[in-house]
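In: let me see the structure of the following:
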Amino acid sequence: MWILYLIIVAFILKSAADASITINERSRQRKEWKEVSALANKRLAEIEEQKKKGPVLSDEEYKKLQRMAMHSVSGRRR
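Out: Prediction:
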């Protein structure tokens with residue numbers, strides 16, 4: 001009987017530890033994307049300033065940078 005109890009407790013503790021690791025990983029990813037988004041927004045602002053002087057990036061590169069900047073706002077995962 002005690003063995004069954006110990007197995008159940010061990011399973012519950014393992015499940016809780018796995019959930020904690022998953023939550024920590026998601027939090028880390030969210031933080032990284034916020035940093036990437038901030039850098040992309042800063043770069044977009046620089047490009048907008050440079051655009052006034054002439055072309056800076058191709059349309060495709062500019063759209064890719066915009067998607068990176070908006071990634072954390074939309075909450076989508078890729």
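In: and the helix or strand in which residue 21 is found, how far out from the chain's middle?
Out: Assessed by DSSP states H and E, residue 21 sits inside helix 2-51. Once both centres are worked out by Cα atoms, centre = their mean, to the nearest Å, helix 2-51 turns out to sit 8 Å from its chain's centre.
In: list the helices and strands it packs on?
Out: Applying 3 or more Cβ pairs under 8 Å, 6 or more residues apart in numbering; DSSP states H and E, we find helix 2-51 packed against helix 59-74. The C-beta positions use only the backbone N, C-alpha and C, and glycine is treated the same way.
In: where does this structure dip in pLDDT?
Out: When residues are selected by pLDDT under 70, those of the chain lie in 55-57, 71-78.
In: change it to 50
Out: 78 (pLDDT under 50).
In: the residue most distant from the middle of it, which is it?
Out: Distance from the C-alpha centroid of the chain, by Cα atoms, centre = their mean, peaks at residue 1 (45.6 Å).
In: measure it to residue 34 for me?
Out: To residue 34, residue 1 is 50 Å away according to Cβ to Cβ, to the nearest Å.
In: give the contact list for residue 70.
Out: Residue 70 makes contacts with residue 37, as judged by Cβ atoms under 8 Å, 6 or more residues apart in numbering.
In: ok, it to residue 46 distance?
Out: Remark: distance between residue 70 and residue 46 (Cβ to Cβ) = 17 Å.
In: please apply the same query to residue 66.
Out: From residue 66 over to residue 46 the distance is 13 Å, taken as Cβ to Cβ.
In: likewise for residue 37?
Out: Going from residue 37 to residue 46 by Cβ to Cβ gives 15 Å.
In: these two: which is more packed in?
Out: Counted by other Cβ atoms under 10 Å, residue 37 and residue 46 do not tie: residue 37 has more neighbours, with 16 against 11.
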